[in-house]
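3D model of this:
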Amino acid sequence: MPESASWRWAKDTIVRKHLELFWSFFKIGALTFGGGYTMLPLIQKEIVNKRKWATEEEVIDVFALSQVAPGAIAVNFSVYTGHTMLGIPGALAAVFGMVLPSFIVISVIAAFLANFADLPAVQHAFAGIRVAVGALILDALIRLFRGVFNKPIPLVICIIAFLASVIFRTSPIPLVLAAGLAGFFLLRKRKAS
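Residues are numbered from 1 along each chain as shown. Down below sits the predicted model:
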């Protein structure tokens, strides 16, 4: 039985959306050096500004959830975003896009770097990458600070968690759980008012 024109259009649209999701996360994965925190500016540019798939506040919320969940922040973020947009196939497209660049780079590095690791040019290149990663992490922290601490209660929770971590050497697990419960109850109280 031949496909109708509307079915072909719907199928093409679905495939195009999956490819857009894959390509967006492929670009983020390819340009993220230094871990999950360095990808926040790239996510801001690609997901919020260019594609308009989420607001800045939603990105910060998903980023926070990605940090709490087991696994890499970048993978967790891509799973959540892909699943929210297109279900399980969307999650798979986003994750595959996020991890494929790393897989390619690690394969190439493993094949060739052992022969060149001692060269001064390679060592200087890695030193430059470390500086760029530091700048990207600082940019991510500033964006998180602006997006999260626009009200006094999150700032108070952050200061208490920081002091408990530094002074009392409290494990991050109870800090994250306590902060999550505090946020939950405060939001519930605000909605009830």
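
Go through this structure and flag its longest helix.
If you go by DSSP state H, the chain has its longest helix at helix 73-116.

Run a quick neighbour tally on residue 166.
9 (other Cβ atoms under 10 Å). Quick note: C-beta positions are derived from backbone N, CA and C, even for glycine.

Phi and psi next, for it.
Here is the backbone geometry of residue 166 (degrees, to the nearest 10): phi -80, psi -50.

Can you tell me how far it is from residue 41?
With distances taken as Cβ to Cβ, to the nearest Å, residue 166 is found 27 Å from residue 41.

which helices and strands does the longest helix of the chain pack with?
Helices and strands touching helix 73-116, as assessed by 3 or more Cβ pairs under 8 Å, 6 or more residues apart in numbering; DSSP states H and E, comprise helix 5-31, helix 56-68.

buried sites along the helix or strand following it?
For helix 73-116, the following helix or strand on the C-terminal side (DSSP states H and E) is helix 120-148. Using 16 or more other Cβ atoms under 10 Å as the test for burial, helix 120-148 gives 133, 136-137, 140, 143, 147-148.

between helix 120-148 and helix 73-116, how many degrees?
170 degrees (axes from the mean of the first three to the mean of the last three Cα atoms, to 10 degrees).

okay, the angle between helix 120-148 and helix 56-68?
Going by the same axes, to 10 degrees, helix 120-148 makes 120 degrees with helix 56-68.

Which strands or helices does the helix or strand of the chain with the lowest mean pLDDT pack on?
Averaged element by element with mean pLDDT, DSSP states H and E, the chain has its least confident helix or strand at helix 120-148 (a mean of 79). Applying 3+ Cβ pairs under 8 Å, 6+ apart, one finds that helix 120-148 contacts helix 40-43, helix 56-68.

Just say which of those helices is most tucked in.
Most buried of these, by mean neighbour count (mean count of other Cβ atoms under 10 Å): helix 40-43, with a mean of 23.

I'd like to know which elements it is packed against.
helix 5-31, helix 56-68, helix 120-148.

For the second one, which outside residues touch it?
With contacts defined as Cβ atoms under 8 Å, 6 or more residues apart in numbering, helix 56-68 is touched by 36, 40, 43-44, 47-48, 54, 73-74, 76-77, 80-81, 144, 147-148, 176, 180.

From the residues you listed, list just the buried residues.
36, 40, 43-44, 47-48, 54, 73-74, 76-77, 80-81, 147-148.

quick check, nearest of these to residue 89?
The closest of the buried ones among the contacts of helix 56-68 to residue 89 turns out to be residue 81 (Cβ to Cβ; 13.1 Å).

Just to check, that closest one is in contact with residue 94?
Yes: assessed by Cβ atoms under 8 Å, residue 81 is found in contact with residue 94 at 5.7 Å.
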